[in-house]
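Novice: Take a look and give me a structure for this.
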Amino acid sequence: MRIARFLPRAIIVAAMVLAGLVLVGVVYPFIGLRGRSMLNRTWSRLLLRVCGVRLTVCGTPAMTGPVLTVANHVSWLDIFVINAVRPTAFIAKAEIRRWPIVGWLVAGAGTLFLERGHRHAVRAVGEAMRSRFARSEAVGLFPEGTTTMGFEPLPFHGSLLEPARDTGVAIQPVALRFLRHGRRDPYAAFVGEETLVGNLWRILGVRGLSVEAVYLPALAVHGEDGAAHSRSGLAAMARAAIHEAVST
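Specialist: Below is the predicted model of the structure:
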């Protein structure tokens with residue numbers, strides 16, 4: 001039964017990836033931000049549906065204006081979960097740009113790439129984030145820097161919260177809660193040494209997967225004394241809010 005579910009889904013996912021390459025390579029250069037955003041959102045929703053993952057949105061996502069979306073990281077699906085709600089330019093490690101097919105796809109979709117180990121990298125990405133904010137776009141960040149099973153977020157890195165903090169852009173935490181047959185389950189987690197192909201085999205071959213995207217209130221940039229929180233303080237606040245949501 002697993003292979004009977006896997007094969008049709010895998011074929012459709014492959015077709016969607018090829019269609020995505022055509023969109024970013026041929027269509028995107030000739031349409032505006034609004035058109036690209038609509039296509040990104042539609043494509044992400046279709047991908048989740050094909051993968052058999054039902055999405056439930058909780059809370060109030062910021063649908064207009066600039067925002068920095070900060071989420072816990074569980075799976076390669078996370079980006080598409082958030083893009084299915086609002087098209088978002090994510091920050092990713094630069095190595096992904098060089099991946100065949102996937103790298104071309106995410107680069108064409110507007111991903112911001114971070115060169116780890118280069119002193120100028122955070123500053124360059126920060127400037128790119130400010131540029132996106134100035135155009136009222138959403139930027140997404142997984143401040144853990146890696147994936148987890150989804151129940152206990154790792155410490156959040158705060159360096160890339162600085163552009164939002166400095167410009168007064170809202171920082172909205174999002175808790176991603178994966179379930180299987182209605183119960184919290186780490187089945188969809190993409191962690192450790194598992195390959196993408198292996199994870200796809202598991203996800204595309206089962207039923208009953210779902211994810212809750214819990215949009216939490218935006219962080220208060222200033223404390224009760226009127227002083228601005230530090231970026232490390234904001235990172236800790238975001239982690240605490242998300243931890244409370246995913247641990248229940």
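Novice: show me where the chain has strands.
Specialist: Secondary structure of the chain by DSSP state E: the strands cover 53-59, 67-71, 89-93, 112-114, 138-141, 170-180, 183-184, 209-215.
Novice: can you list the weak-confidence ranges in this protein?
Specialist: Residues of the chain meeting the criterion pLDDT under 70: 1, 100, 117-119.
Novice: Could you pick out the longest helix of it?
Specialist: What stands out as the longest helix in the chain, according to DSSP state H, is helix 2-22.
Novice: Any buried residues in that one, and which?
Specialist: 6, 9-10, 12-13, 20 (16 or more other C-beta atoms under 10 Å). To be clear about C-beta, it is placed using only N, CA and C from the backbone, and glycine gets the same treatment.
Novice: ends of stretch 91-109, how far apart?
Specialist: 12 Å (C-alpha to C-alpha, to the nearest Å).
Novice: contact partners of it?
Specialist: Outside stretch 91-109, the residues within contact range by C-beta atoms under 8 Å, 6 or more residues apart in numbering are 17, 20-21, 23-25, 28, 36, 40, 79, 89-90, 111-116, 121, 125, 129, 139-142, 160.
Novice: Give me the buried subset of those.
Specialist: By 16+ other C-beta under 10 Å, those give 20, 23-24, 28, 36, 40, 79, 89-90, 111-114, 125, 129, 139-142, 160 as buried.
Novice: re the thing from before, tabulate the strands of the chain (TSV), appending distance to Ala241.
Specialist: As requested, these are arranged in TSV below (distance: least, C-beta to C-beta, whole Å):
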stretch	distance to Ala241
strand 53-59	11
strand 67-71	9
strand 89-93	20
strand 112-114	24
strand 138-141	14
strand 170-180	5
strand 183-184	18
strand 209-215	10
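Novice: closest to Gly226 out of these?
Specialist: strand 170-180 (18.0 Å; C-beta to C-beta).
Novice: Would you mind writing the CA trace of the closest one as PDB?
Specialist: C-alpha atoms of strand 170-180 as PDB (Å, rounded to 0.1, in the frame of the first residue of the first chain):
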ATOM      1  CA  ALA A 170       7.200  43.500  13.300                       C
ATOM      2  CA  ILE A 171       8.700  40.200  14.400                       C
ATOM      3  CA  GLN A 172       6.100  37.500  14.400                       C
ATOM      4  CA  PRO A 173       6.800  34.000  15.900                       C
ATOM      5  CA  VAL A 174       5.200  31.000  14.200                       C
ATOM      6  CA  ALA A 175       5.000  27.600  15.900                       C
ATOM      7  CA  LEU A 176       4.900  24.700  13.500                       C
ATOM      8  CA  ARG A 177       3.200  21.600  15.000                       C
ATOM      9  CA  PHE A 178       3.200  18.500  13.000                       C
ATOM     10  CA  LEU A 179       0.600  15.800  13.600                       C
ATOM     11  CA  ARG A 180      -0.200  12.300  12.400                       C
END
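Novice: what's the offset of it from the middle of its chain?
Specialist: 10 Å (C-alpha atoms, centre = their mean, to the nearest Å).
Novice: strands paired with it, and their directions?
Specialist: Partners of strand 170-180 in the sheet, by DSSP bridges, are strand 67-71 (parallel), strand 183-184 (antiparallel), strand 209-215 (antiparallel).
Novice: Is it correct that Leu196 is in contact with Trp76?
Specialist: Yes: contact criterion C-beta atoms under 8 Å: Leu196 and Trp76 qualify, at 6.7 Å.
Novice: Spit out the residues that contact those two alike.
Specialist: Common contact partners of Leu196 and Trp76 (C-beta under 8 Å, 6+ apart): Phe190.
Novice: Check the burial of Thr195 by counting its neighbours.
Specialist: As a burial measure, Thr195 scores 9 neighbours (other C-beta atoms under 10 Å).
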